[in-house]
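# model this:
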Amino acid sequence: LEVVAEAVSGLGAAYAGLGRHHTAEKRLLEGLGHWEELIAMEEGVAGYRFTCAHVAAEGAHLRHFADAQLATADYLASRGRFVDSVRHLSAAAAALPGSLP
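Numbers count the residues shown, from 1 in each chain. Presented below is the predicted three-dimensional model:
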């Protein structure tokens, strides 16, 4: 699922670079959906953390999700959609608790 989330998010960024804005937005949001699904799945088995590597992977996934939120926010701001952009910035901040003072 991580590979799919990365690929779809990257595809959205590529479409944005090509100026295919409708497709770019769809792919960026689809990539976020995959990240959310992966994180929800990991939180569903949170009581079964067996290794430090598993905990580290969860943290990495949260950082990737926050990065995808920031990329989406940046793209939406570049399109003049500031309210939607702020919503994604808030989601990125919420994904990384303790990262803001």
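# Spit out the contact partners of the residue lying closest to residue 68 once chain neighbours are set aside.
Once flanking residues are discounted, residue 68 sits nearest to residue 9: 4.9 Å by C-beta to C-beta, 6 or more residues apart in numbering. Placement of C-beta: from N, CA and C, glycine included. By C-beta atoms under 8 Å, 6 or more residues apart in numbering, the contact set of residue 9 is 27-28, 31-32, 34-35, 68, 71.
# what's the most distant pair in those residues?
34 and 71 (13.8 Å; C-beta to C-beta).
# how about the helices of the protein, start to end?
2-17, 21-44, 52-78, 82-95 (DSSP state H).
# sorry, back to before: from residue 1, how far off is the residue nearest to residue 68?
In this view, residue 9 and residue 1 are 12 Å apart by C-beta to C-beta, to the nearest Å.
# from what I can see residue 13 touches residue 20, true?
No. Shown here, residue 13 and residue 20 do not form a contact pair, counting by C-beta atoms under 8 Å, at 11.3 Å.
# what sits in contact with each of the two?
By C-beta under 8 Å, 6+ apart, no residue touches both residue 13 and residue 20.
# packing partners for the helix or strand of the chain with the lowest mean pLDDT?
Least confident helix or strand of the chain, by mean pLDDT, DSSP states H and E, is helix 52-78 with a mean of 87. Contacts defined by 3 or more C-beta pairs under 8 Å, 6 or more residues apart in numbering; DSSP states H and E place helix 52-78 against helix 2-17, helix 21-44, helix 82-95.
# Tell me which residues of the second one come out buried.
In this case it means helix 21-44. 24-25, 27-29, 31-32, 34-36, 38-39, 42 (16 or more other C-beta atoms under 10 Å).
# can you tell me the average pLDDT over stretch 29-38?
Stretch 29-38 comes out with an average pLDDT of 92.
# which residues are contacting it?
1-2, 4-12, 61, 64-65, 68-69, 72.
# Restricted to buried residues, select these in ChimeraX.
Listed next is the ChimeraX selection for buried residues among the contacts of stretch 29-38, using 16+ other C-beta under 10 Å:
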select :5,8,9,11,12,61,64,65,68,69,72
